[in-house]
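Colleague: Give me coordinates for this.
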Amino acid sequence: MLIVLQVLHVAVAATAFAITLSMGGALRRAGGQGREVKSAIAALTMRSGQLAGIFGILTLLTGLALVFYMGGFKVVAPAIHAGMGIVLVMILHGALFMRPTSQRIIAAADQDDASWSAAVKRFNIGHGIMQLLWLVTLVLMFIKR
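Modeller: Down below sits the predicted model:
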């Protein structure tokens, strides 16, 4: 059962990390395109963010399942505690920063290229922070002590 939980946990974490990797480039390439292209990419960005959020929550839940299967928080390494804390920070970052930024991108699809570029820049900054936090979390999963 431990192996199944570990594989599931790493799989959902890797999916949450990877699902939005192409969004920044797609948003940049959509700049200068028509409203339809921008709207489609903005909608895809919003949907990818929602899926990443679901997989982020699944990462937290499978992590909790692993912790309790192994005997509780007193038994697991401090790196696991740190990783769970970072996942909570990412969930908050996604809800309080990334989601509103994605909505700005959707609104900017109907505006000029300067509005689009500003919204994409803000998204890419937040997305870069999120990806860095995911990378740290994925590394922490493999630290044993």
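Colleague: Give the other helices and strands that the helix or strand containing Phe123 contacts.
Modeller: Taking DSSP states H and E as the definition, Phe123 sits inside helix 113-140. Secondary-structure packing of helix 113-140 (3 or more C-beta pairs under 8 Å, 6 or more residues apart in numbering; DSSP states H and E): helix 2-18, helix 23-30, helix 35-70, helix 78-93, helix 99-108. To be clear about C-beta, it is placed using only N, CA and C from the backbone, and glycine gets the same treatment.
Colleague: In that helix, which residues are buried?
Modeller: Neighbour-count burial for helix 113-140 flags 116, 119-120, 122-124, 126-127, 130-131, 133-134, 137-138, 140 (criterion: 16 or more other C-beta atoms under 10 Å).
Colleague: Also stretch 83-101?
Modeller: For stretch 83-101, a neighbour-count test (16+ other C-beta under 10 Å) marks 83-84, 86-87, 90, 93-94, 97-99, 101 as buried.
Colleague: end to end, how far does that stretch reach?
Modeller: In stretch 83-101, first residue to last residue: 25 Å (C-alpha to C-alpha, to the nearest Å).
Colleague: All further residue positions should be reported with the first residue as 21.
Modeller: Okay, residue one is now 21; in that scheme the one you just asked about reads as stretch 103-121.
Colleague: Against Ile111, how distant is the residue minimising distance to the centre of the chain?
Modeller: The centre of the chain sits closest to Ala72, judged by C-alpha atoms, centre = their mean, with a distance of 4.9 Å. Using C-beta to C-beta, to the nearest Å, Ala72 is found at 10 Å from Ile111.
Colleague: now swap in Gln70 and tell me
Modeller: For Gln70, the distance to Ile111 (C-beta to C-beta) stands at 13 Å.
Colleague: thinking again about what came up before, now flag whichever of the buried residues of stretch 103-121 is closest to Ala38.
Modeller: Met110 (14.1 Å; C-beta to C-beta).
Colleague: helices and strands of this structure: which one has the lowest mean pLDDT?
Modeller: helix 43-50 (a mean of 87; mean pLDDT, DSSP states H and E).
Colleague: Could you export that one as PDB, CA atoms only?
Modeller: Provided in PDB are the C-alpha atoms of helix 43-50 (Å, rounded to 0.1, in the frame of the first residue of the first chain):
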ATOM      1  CA  MET A  43       1.000  28.500 -20.700                       C
ATOM      2  CA  GLY A  44       3.500  31.300 -20.400                       C
ATOM      3  CA  GLY A  45       4.900  30.800 -23.900                       C
ATOM      4  CA  ALA A  46       1.400  30.300 -25.400                       C
ATOM      5  CA  LEU A  47       0.300  33.600 -23.900                       C
ATOM      6  CA  ARG A  48       3.300  35.400 -25.200                       C
ATOM      7  CA  ARG A  49       2.900  34.000 -28.700                       C
ATOM      8  CA  ALA A  50      -0.800  35.100 -28.700                       C
END
